[in-house]
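Trainee: Task: produce atomic coordinates for the following.
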Amino acid sequence: MSQSVPQICYLSHSGFRVLGEPVFRLSEGAKVPSMVIQLEGQEAVLPLASIAREFHVDSESQDGQMLTLIEQALDFVVAIKIGDKLPSELNGGVASWEPNEQDRRIASSRIRHNLVRCVFARMGKPVSLSGGGAPGWEDDPKNKVLLQDAIVGAAHQLDDTDEADITARVASICEEMAYIESLRRALARGLVHIRDKLLHIQIGEVPVSQQDSVKQVQLLARIGNKEIMNRFDEVDVRLDDILAMLRDLPTVIASMRRQRDWLFRTNRAWAGVFADWGAAPRHFDEFVTKVVERTYVFLAPRYMSFQEWTRAEARMKKNAVRAKVW
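Mentor: Down below sits the predicted model:
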């Protein structure tokens with residue numbers, strides 16, 4: 001794919017319009033990138049991969065590249081039409097959504113707190129902030145003085161910078177961090193249901209025939225939870241050396257945006273699982289049995305090894321109940 005990513009969704013093949021203006025979205029259930037058209041008053045959902053084969057669209061052609069971009073766009077938007085602007089995330093740009101003011105405040109306090117701590121440590125000076133690192137600490141008059149001292153100190157420690165430059169760089173990192181704090185809040189809200197309900201199921205309360213399935217789903221959920229938490233840990237560890245981040249700002253911004261986009265896609269992918277466990281009771285019953293089954297379908301292909309998933313899929317097909325045709 002060329003380095004210049006198109007800004008607008010455009011497909012030249014006439015087949016994409018022969019039955020009217022299509023809408024591109026994920027299919028229900030399997031979440032397959034699809035083209036949706038109205039056919040005799042009914043909605044027809046056609047997988048993009050099938051459409052590409054039917055229209056003989058080469059993957060390296062402009063239409064082939066655009067279909068790939070449409071698939072990627074559906075990680076960030078619910079639907080897209082021909083002529084719509086593609087999500088800015090596809091070009092490594094700013095997010096196509098906004099964090100709220102509380103997320104911005106939390107991010108700003110964290111970044112500036114780390115700046116003060118890091119700069120004073122490099123200067124070998126002790127520092128004590130009123131209110132610790134809680135959001136709003138920087139509003140205290142004494143803390144404002146320490147923050148300004150840290151900005152001055154950072155400008156002295158980084159080559160070819162001044163206070164205004166440091167202030168602008170800090171603001172840029174705060175802006176990117178606000179998106180990550182927003183996703184930290186959203187994912188934490190969903191994962192708490194997984195931890196408090198799924199992971200707290202007592203195996204002794206589960207029918208013997210279902211115990212292995214519940215154990216498997218709990219194991220996969222722990223792996224998924226750890227993967228998500230590791231992403232936040234990677235960001236947080238990097239904040240420990242805020243001066244290094246200020247020194248190489250373009251690389252840092254690009255890295256933070258990659259993390260932001262991964263977390264956003266992950267939050268969207270897990271949304272159904274989070275909703276299921278949010279509605280589930282804390283005791284094991286038939287409803288929870290169904291939720292465990294749906295959670296397994298979501299987690300298994302993501303967190304099982306290929307060999308394990310292949311064997312599990314074969315078992316499911318073997319045990320599947322086939323409808324009798326009369």
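
Trainee: buried stuff in the helix or strand containing Leu219?
Mentor: Leu219 is located in helix 208-239, with elements delineated by DSSP states H and E. The neighbour-count check on helix 208-239 (16 or more other Cβ atoms under 10 Å) flags 214, 216-218, 220-221, 224-225, 228, 231-232, 235, 238-239 as buried. Quick note: C-beta positions are derived from backbone N, CA and C, even for glycine.

Trainee: From those, pick the one nearest His156.
Mentor: Of all the buried residues of helix 208-239, His156 sits closest to Leu239, with 20.9 Å by Cβ to Cβ.

Trainee: want to try CSV for the buried residues of helix 208-239, with distance to Glu176 and pLDDT as columns?
Mentor: Output for the buried residues of helix 208-239, formatted as CSV (distance: Cβ to Cβ, whole Å; pLDDT from 0 to 100):
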residue, distance to Glu176, pLDDT
Val214, 39, 95
Gln216, 37, 94
Val217, 35, 96
Gln218, 34, 96
Leu220, 31, 96
Ala221, 29, 97
Gly224, 25, 96
Asn225, 24, 97
Ile228, 19, 97
Arg231, 14, 97
Phe232, 14, 97
Val235, 10, 96
Arg238, 11, 94
Leu239, 11, 94
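
Trainee: Now that we have those, can you turn them into CSV and tack on distance to Val127?
Mentor: Conversion of the buried residues of helix 208-239 to CSV gives the following (distance: Cβ to Cβ, whole Å):
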residue, distance to Val127
Val214, 50
Gln216, 49
Val217, 47
Gln218, 44
Leu220, 44
Ala221, 41
Gly224, 39
Asn225, 35
Ile228, 33
Arg231, 30
Phe232, 26
Val235, 23
Arg238, 21
Leu239, 17
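
Trainee: which among these gets closest to Gly132?
Mentor: Proximity to Gly132 was ranked across those by Cβ to Cβ; first place goes to Leu239, at 15.8 Å.

Trainee: Would you check that my belief about that closest one contacting Ser109 is correct?
Mentor: No - with contact defined as Cβ atoms under 8 Å, Leu239 and Ser109 do not form a contacting pair (11.9 Å).

Trainee: which residues are in contact with both of the two?
Mentor: Listed as contacting both Leu239 and Ser109 by Cβ atoms under 8 Å, 6 or more residues apart in numbering is no residue at all.

Trainee: which among the buried residues of helix 208-239 gets closest to Leu48?
Mentor: For the buried residues of helix 208-239, the nearest to Leu48 is Gly224 (26.5 Å; Cβ to Cβ).

Trainee: who touches that closest one in this structure?
Mentor: Here Gly224 is in contact with 270, 299, 302-303 (Cβ under 8 Å, 6+ apart).

Trainee: Quick one: buried ones out of those?
Mentor: Buried members of those, scored by 16+ other Cβ under 10 Å, are 270, 299, 303.

Trainee: wait, isn't the last one in contact with Ile223?
Mentor: Yes - using Cβ under 8 Å, Tyr303 and Ile223 qualify as a contacting pair, with a distance of 4.6 Å.

Trainee: circling back to that earlier point, give me the next element, helix or strand, following the helix holding Leu219.
Mentor: helix 242-247.

Trainee: Specify the next element, helix or strand, located C-terminal of that next one.
Mentor: Past helix 242-247, further along toward the C-terminus, the next helix or strand under DSSP H and E is helix 249-279.

Trainee: avg pLDDT for that following helix?
Mentor: On average, the pLDDT along helix 249-279 is 95.

Trainee: ok and it relative to helix 208-239, angle-wise?
Mentor: Taking axes from the mean of the first three to the mean of the last three Cα atoms, to 10 degrees, one finds helix 249-279 and helix 208-239 inclined to each other by 150 degrees.

Trainee: Helix 249-279: which residues count as buried?
Mentor: Neighbour count says helix 249-279 has 252-253, 255-257, 259-261, 263-264, 266-268, 270, 273-274, 276-277 buried, by 16+ other Cβ under 10 Å.

Trainee: what do you get for stretch 156-176?
Mentor: Neighbour counts using 16+ other Cβ under 10 Å place 157-158, 161, 165-166, 169-170, 172-176 of stretch 156-176 among the buried residues.

Trainee: Make a markdown table from those and add distance to Arg25, secondary structure and pLDDT to it.
Mentor: Shown next, in a markdown table, are the buried residues of stretch 156-176 (distance: Cβ to Cβ, whole Å; DSSP: H, G, I helix; E, B strand; the rest coil; pLDDT from 0 to 100):
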| residue | distance to Arg25 | secondary structure | pLDDT |
| --- | --- | --- | --- |
| Gln157 | 50 | helix | 92 |
| Leu158 | 46 | coil | 93 |
| Thr161 | 46 | coil | 92 |
| Asp165 | 44 | helix | 96 |
| Ile166 | 44 | helix | 96 |
| Arg169 | 39 | helix | 97 |
| Val170 | 39 | helix | 97 |
| Ser172 | 34 | helix | 97 |
| Ile173 | 34 | helix | 97 |
| Cys174 | 34 | helix | 97 |
| Glu175 | 30 | helix | 97 |
| Glu176 | 28 | helix | 97 |
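
Trainee: Fine by me, we can end here.
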